[in-house]
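Participant: sequence-free structure coming up:
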């Protein structure tokens, strides 16, 4: 991935933003030399910027490299490729919602294993699945979380499984690390992940990964519906979410997601619900 600078009177501010945006989509700690090379900066300038951001609390030391502070990463701060993805995804998500009749969501994974929704296109059906964007959801009980984690490096998957904290939210929530590993293997093999009633009883969804220019998974796209309707149109939703994820990946210049293999009670909270609403006439 190559980031370029704006030619303006506030070049130093542009460089700081380029640095933050670059680090927002860099999963592992990165050293001064690599930052300088990727951002096409003199090493001395890269080092000065990194030290400034470190001193202001935006970065932390990680071994011999730097990465965004967990306080920044867990707060929903999004930049760089993901910000661009949000813009590109609007038309794709609206099309997916129109074709399937169900709600579409774009989400990313935070550093503490939660899913942050970035944008959505809500179904026009009177009975539909809807969710607020500002709330974080545990990755293990969402199809978006599983779809993204399944395509992370093996060491990240092991960290996720060791992380623990897998609690039953509904009777269908998977909490056993062995079962979660199988679910991740299946998602990686087939190119999509799905959950049924695992986060909200009566709501089901399917998600596929979106890849960035460096070939790393950076987001996921999801289609969600009331469970009774999901079961009836599952093939349509699965095919559409995979094609939508590929379209977004290609728009970013990334690698295509793997092709899918052939064959084969809790109270709903106010911030994540299936809403029964009257259409405006």
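Facilitator: Happy to help now that I have it. Predicted, not measured: the structure shown is a model, and the values here were computed from it. Residues are numbered from 1 along each chain as shown.
Participant: just the residues contacting stretch 55-65, thanks.
Facilitator: For stretch 55-65, contacts defined as C-beta atoms under 8 Å, 6 or more residues apart in numbering pick out 20, 23, 28-31, 34, 50, 53-54, 66-72. Bear in mind the C-beta positions are built from the backbone N, C-alpha and C, glycine included.
Participant: put the buried members of the residues you listed into a ChimeraX selection.
Facilitator: A single ChimeraX command is used to select the members of those judged buried by 16 or more other C-beta atoms under 10 Å:
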select :20,23,29,30,50,53,66,67,68,69,72
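Participant: what's residue 142 in contact with, if anything?
Facilitator: Counted by C-beta under 8 Å, 6+ apart, residue 142 has contacts 107, 115, 195, 198, 199, 205, 207, 222.
Participant: again, only using 7 Å
Facilitator: Neighbour list for residue 142: 115, 195, 199 [criterion: C-beta atoms under 7 Å, 6 or more residues apart in numbering].
Participant: roughly how far does the second one sit from residue 220?
Facilitator: As judged by C-beta to C-beta, to the nearest Å, residue 195 and residue 220 stand 12 Å apart.
Participant: quick one, which of these two is more surrounded?
Facilitator: A count of neighbours by other C-beta atoms under 10 Å puts residue 220 above the other of residue 195 and residue 220, at 31 against 26.
Participant: could you point out where the protein is predicted with low confidence?
Facilitator: Low-confidence segments of the chain (pLDDT under 70): 1-10, 25, 27, 57, 70-84, 256-281.
Participant: mind listing the helices for it?
Facilitator: Secondary structure of the chain (DSSP state H): helices at 11-24, 32-39, 43-55, 70-73, 80-100, 143-149, 154-163, 177-190, 227-251.
Participant: and these, which is most packed in?
Facilitator: Among those, the stretch with the highest mean neighbour count (mean count of other C-beta atoms under 10 Å) is helix 143-149, at a mean of 28.
Participant: helices or strands up against that one?
Facilitator: strand 103-109, helix 177-190, strand 193-196, strand 203-211, strand 217-226 (3 or more C-beta pairs under 7 Å, 6 or more residues apart in numbering; DSSP states H and E).
Participant: name the strands paired with the fourth one and say parallel or antiparallel.
Facilitator: Read that as strand 203-211. The pairing partners recorded for strand 203-211 under DSSP bridges are strand 193-196 (antiparallel), strand 217-226 (antiparallel).
Participant: out of those strands, which gets nearest to residue 177?
Facilitator: Set against residue 177 and scored by C-beta to C-beta, the strands paired with strand 203-211 come closest in strand 193-196, at 16.2 Å.
Participant: list of residues touching that closest one?
Facilitator: Contacts for strand 193-196 (C-beta under 7 Å, 6+ apart): 141-143, 146-147, 150, 172, 183, 187, 204-207, 227.
Participant: run the chain-centre distance for that strand.
Facilitator: 15 Å (C-alpha atoms, centre = their mean, to the nearest Å).
Participant: and residue 163, what is it in contact with?
Facilitator: So residue 163 contacts residue 113 (C-beta under 7 Å, 6+ apart).
Participant: hmm, 10 Å instead?
Facilitator: Contact analysis of residue 163 by C-beta atoms under 10 Å, 6 or more residues apart in numbering lists 112, 113, 139, 140, 177.
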